[in-house]
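Q: Show me the folded form of this:
(one chain, ligands or ions: 1)
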Amino acid sequence: MNMKDEIVKVMAEADCLHSDAEVSAALDRMAADVTEVLKHANPLVYVVLNGGIIAAGQLLPRLRFPLEVSYLHATRYGDKTQGGRLNWKVKPTEDMHGRTVLIVDDILDEGNTLAAIIEYCREQGATEVLTAVVVNKSHDRKAFPGMHADFVGLEVEDRFLFGCGMDYKGFWRNTLGIYAVKGL
Ligand SMILES: O=P(O)(O)OC[C@H]1O[C@H](OP(=O)(O)OP(=O)(O)O)[C@H](O)[C@@H]1O
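A: Residues are numbered from 1 along each chain as shown. Presented below is the predicted three-dimensional model:
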(Lines give C-alpha, C1' and ligand atoms only; values in the text may rest on other atoms or scores of the structure.)
Protein backbone atom coordinates (compact mmCIF):
# COMPACT_ATOMS: atom_id res chain seq x y z
CA MET A 1 0.00 0.00 0.00
CA ASN A 2 1.40 3.43 -0.84
CA MET A 3 1.80 6.07 1.87
CA LYS A 4 -1.22 8.18 0.87
CA ASP A 5 -3.54 5.16 0.88
CA GLU A 6 -2.16 4.06 4.26
CA ILE A 7 -2.71 7.51 5.77
CA VAL A 8 -6.30 7.70 4.49
CA LYS A 9 -6.98 4.15 5.76
CA VAL A 10 -5.59 4.92 9.22
CA MET A 11 -8.04 7.79 9.64
CA ALA A 12 -10.95 5.78 8.20
CA GLU A 13 -10.35 2.97 10.71
CA ALA A 14 -9.35 5.09 13.73
CA ASP A 15 -11.32 5.39 16.94
CA CYS A 16 -12.25 8.97 17.77
CA LEU A 17 -11.42 9.26 21.49
CA HIS A 18 -12.30 12.95 21.82
CA SER A 19 -14.39 14.99 19.40
CA ASP A 20 -13.53 18.52 18.25
CA ALA A 21 -16.07 19.85 20.77
CA GLU A 22 -14.55 17.86 23.65
CA VAL A 23 -11.04 19.08 22.85
CA SER A 24 -12.30 22.63 22.54
CA ALA A 25 -13.97 22.42 25.96
CA ALA A 26 -10.77 20.96 27.44
CA LEU A 27 -8.78 23.86 25.99
CA ASP A 28 -11.23 26.31 27.57
CA ARG A 29 -10.68 24.68 30.96
CA MET A 30 -6.90 24.65 30.50
CA ALA A 31 -6.91 28.32 29.51
CA ALA A 32 -8.88 29.22 32.65
CA ASP A 33 -6.40 27.27 34.81
CA VAL A 34 -3.35 28.80 33.09
CA THR A 35 -4.85 32.27 33.44
CA GLU A 36 -5.48 31.80 37.14
CA VAL A 37 -1.85 30.85 37.76
CA LEU A 38 0.05 33.00 35.25
CA LYS A 39 -1.98 36.16 34.60
CA HIS A 40 0.51 38.37 36.46
CA ALA A 41 3.69 36.42 35.60
CA ASN A 42 4.52 37.82 32.13
CA PRO A 43 5.51 34.30 31.05
CA LEU A 44 7.77 33.30 28.20
CA VAL A 45 5.82 30.59 26.38
CA TYR A 46 7.85 27.96 24.54
CA VAL A 47 5.99 25.94 21.91
CA VAL A 48 7.50 22.49 21.37
CA LEU A 49 7.60 21.85 17.63
CA ASN A 50 6.19 20.10 15.79
CA GLY A 51 3.41 18.67 17.93
CA GLY A 52 2.89 21.78 20.03
CA ILE A 53 1.92 23.93 17.05
CA ILE A 54 -1.78 23.05 17.10
CA ALA A 55 -1.95 23.03 20.91
CA ALA A 56 -0.40 26.48 21.14
CA GLY A 57 -2.44 27.80 18.22
CA GLN A 58 -5.60 26.81 20.06
CA LEU A 59 -4.55 27.60 23.63
CA LEU A 60 -2.72 30.91 23.36
CA PRO A 61 -5.60 32.92 21.81
CA ARG A 62 -7.65 31.88 24.84
CA LEU A 63 -5.16 33.62 27.18
CA ARG A 64 -6.00 37.29 27.63
CA PHE A 65 -2.92 38.48 29.53
CA PRO A 66 0.57 39.61 28.51
CA LEU A 67 2.94 36.86 27.43
CA GLU A 68 5.76 36.28 24.95
CA VAL A 69 5.97 33.32 22.58
CA SER A 70 8.93 31.45 21.18
CA TYR A 71 9.63 27.93 19.98
CA LEU A 72 11.98 25.02 20.33
CA HIS A 73 12.14 21.73 18.48
CA ALA A 74 12.93 18.53 20.29
CA THR A 75 11.87 15.19 18.88
CA ARG A 76 12.28 11.53 19.78
CA TYR A 77 9.62 9.61 17.83
CA GLY A 78 10.15 10.60 14.17
CA ASP A 79 7.92 8.33 12.09
CA LYS A 80 7.93 5.62 14.77
CA THR A 81 5.28 4.74 17.33
CA GLN A 82 7.89 4.27 20.07
CA GLY A 83 10.21 6.97 21.37
CA GLY A 84 14.00 6.91 21.17
CA ARG A 85 16.79 9.28 22.14
CA LEU A 86 15.82 12.96 22.27
CA ASN A 87 17.08 14.92 19.28
CA TRP A 88 17.32 18.69 19.86
CA LYS A 89 16.70 20.22 16.43
CA VAL A 90 16.35 23.81 17.68
CA LYS A 91 17.27 24.86 21.20
CA PRO A 92 15.58 27.84 22.87
CA THR A 93 17.03 31.15 21.75
CA GLU A 94 15.40 33.70 24.10
CA ASP A 95 17.00 34.76 27.37
CA MET A 96 14.94 33.00 30.06
CA HIS A 97 17.02 34.06 33.03
CA GLY A 98 14.69 35.11 35.85
CA ARG A 99 11.59 34.36 33.77
CA THR A 100 8.54 32.20 34.32
CA VAL A 101 8.53 29.76 31.39
CA LEU A 102 5.47 27.88 30.16
CA ILE A 103 6.17 24.91 27.86
CA VAL A 104 3.25 24.01 25.55
CA ASP A 105 3.07 20.63 23.85
CA ASP A 106 0.46 18.26 22.48
CA ILE A 107 1.16 15.21 24.66
CA LEU A 108 2.91 14.01 27.74
CA ASP A 109 3.48 10.35 26.98
CA GLU A 110 6.53 8.87 28.74
CA GLY A 111 7.62 12.39 29.61
CA ASN A 112 11.25 12.17 28.49
CA THR A 113 10.76 15.11 26.13
CA LEU A 114 9.27 17.45 28.73
CA ALA A 115 11.70 16.31 31.44
CA ALA A 116 14.69 17.22 29.21
CA ILE A 117 13.16 20.57 28.25
CA ILE A 118 12.39 21.46 31.87
CA GLU A 119 15.95 20.59 32.88
CA TYR A 120 17.36 22.70 30.05
CA CYS A 121 15.22 25.73 30.95
CA ARG A 122 16.23 25.49 34.61
CA GLU A 123 19.90 25.33 33.59
CA GLN A 124 19.32 28.48 31.53
CA GLY A 125 18.14 30.31 34.67
CA ALA A 126 14.36 30.24 34.37
CA THR A 127 12.88 30.98 37.77
CA GLU A 128 9.91 28.73 37.26
CA VAL A 129 9.12 26.20 34.49
CA LEU A 130 5.51 25.09 34.03
CA THR A 131 4.11 22.73 31.43
CA ALA A 132 0.81 22.53 29.55
CA VAL A 133 -0.25 19.58 27.37
CA VAL A 134 -3.50 18.83 25.63
CA VAL A 135 -3.30 15.17 26.61
CA ASN A 136 -1.62 13.09 29.25
CA LYS A 137 -1.39 9.43 28.28
CA SER A 138 -2.32 7.24 31.23
CA HIS A 139 0.22 4.45 31.91
CA ASP A 140 3.00 3.56 34.33
CA ARG A 141 5.95 4.17 31.99
CA LYS A 142 6.62 7.82 32.91
CA ALA A 143 10.23 9.06 32.85
CA PHE A 144 10.17 9.14 36.65
CA PRO A 145 7.52 8.43 39.28
CA GLY A 146 5.19 11.38 39.68
CA MET A 147 6.08 12.92 36.29
CA HIS A 148 3.12 15.12 35.34
CA ALA A 149 2.27 18.34 33.52
CA ASP A 150 1.01 21.37 35.42
CA PHE A 151 -1.90 21.93 33.03
CA VAL A 152 -3.58 18.97 31.29
CA GLY A 153 -6.56 19.08 28.95
CA LEU A 154 -7.53 15.42 28.82
CA GLU A 155 -6.44 12.08 30.24
CA VAL A 156 -6.19 9.62 27.37
CA GLU A 157 -5.86 5.86 27.28
CA ASP A 158 -2.63 4.05 26.48
CA ARG A 159 -2.89 3.75 22.68
CA PHE A 160 -1.04 5.35 19.78
CA LEU A 161 -2.79 8.65 19.15
CA PHE A 162 -2.98 11.22 16.40
CA GLY A 163 -4.68 14.55 15.91
CA CYS A 164 -4.40 17.92 17.66
CA GLY A 165 -0.70 18.10 16.83
CA MET A 166 0.09 14.40 17.26
CA ASP A 167 1.13 12.65 14.07
CA TYR A 168 0.89 9.23 12.53
CA LYS A 169 4.01 8.97 10.32
CA GLY A 170 4.00 12.76 9.94
CA PHE A 171 0.29 13.04 9.04
CA TRP A 172 -3.00 13.99 10.70
CA ARG A 173 -1.61 16.58 13.11
CA ASN A 174 -4.16 18.91 11.53
CA THR A 175 -7.32 17.78 13.31
CA LEU A 176 -8.76 19.19 16.51
CA GLY A 177 -10.26 15.86 17.55
CA ILE A 178 -8.06 13.11 19.03
CA TYR A 179 -7.93 9.64 17.46
CA ALA A 180 -6.35 6.27 18.24
CA VAL A 181 -4.86 4.09 15.54
CA LYS A 182 -6.74 0.81 15.09
CA GLY A 183 -4.84 -2.00 16.76
CA LEU A 184 -2.27 0.26 18.45
O1 LIG B 1 6.43 12.18 26.53
P2 LIG B 1 7.27 11.62 25.44
O3 LIG B 1 7.22 10.12 25.39
O4 LIG B 1 8.67 12.14 25.45
O5 LIG B 1 6.61 12.05 24.05
C6 LIG B 1 6.03 13.31 23.84
C7 LIG B 1 6.65 14.01 22.67
O8 LIG B 1 6.52 13.19 21.50
C9 LIG B 1 5.99 13.98 20.44
O10 LIG B 1 7.01 14.60 19.72
P11 LIG B 1 7.84 13.83 18.59
O12 LIG B 1 9.05 13.22 19.17
O13 LIG B 1 6.91 12.93 17.85
O14 LIG B 1 8.29 15.02 17.67
P15 LIG B 1 7.37 15.89 16.68
O16 LIG B 1 6.38 16.61 17.52
O17 LIG B 1 8.33 16.82 16.00
O18 LIG B 1 6.73 14.91 15.75
C19 LIG B 1 5.13 15.01 21.15
O20 LIG B 1 4.92 16.15 20.35
C21 LIG B 1 5.91 15.32 22.39
O22 LIG B 1 6.84 16.37 22.19
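
Q: Contact partners for the nearest residue to V181 once chain neighbours are set aside?
A: Once flanking residues are discounted, V181 sits nearest to F160: 4.7 Å by CB to CB, 6 or more residues apart in numbering. (Each C-beta comes from the backbone N, C-alpha and C, glycine too.) When the contact criterion is CB atoms under 8 Å, 6 or more residues apart in numbering, the partners of F160 are T81, Y168, A180, V181, L184.

Q: Pull the most distant pair out of those residues.
A: Greatest spatial distance among the contacts of F160 (CB to CB): T81 and A180, at 11.4 Å.

Q: neighbour-wise, which of those two wins?
A: Neighbour totals were compared for T81 and A180, and A180 leads with 19 against 12 (other CB atoms under 10 Å).

Q: mind checking how far the closest residue to that one other than its chain neighbours is from the ligand?
A: The shortest distance from A180 to any non-neighbouring residue, by CB to CB, 6+ apart, is to R159 (4.0 Å). Distance of R159 to the ligand, computed by CB to the nearest ligand atom, to the nearest Å: 14 Å.

Q: repeat for G78
A: Taking CB to the nearest ligand atom, one finds G78 at 7 Å from the ligand.

Q: returning to that earlier point: for the residue nearest to A180, give me its contacts.
A: Contact analysis of R159 by CB under 8 Å, 6+ apart lists D15, L17, A180, V181, L184.
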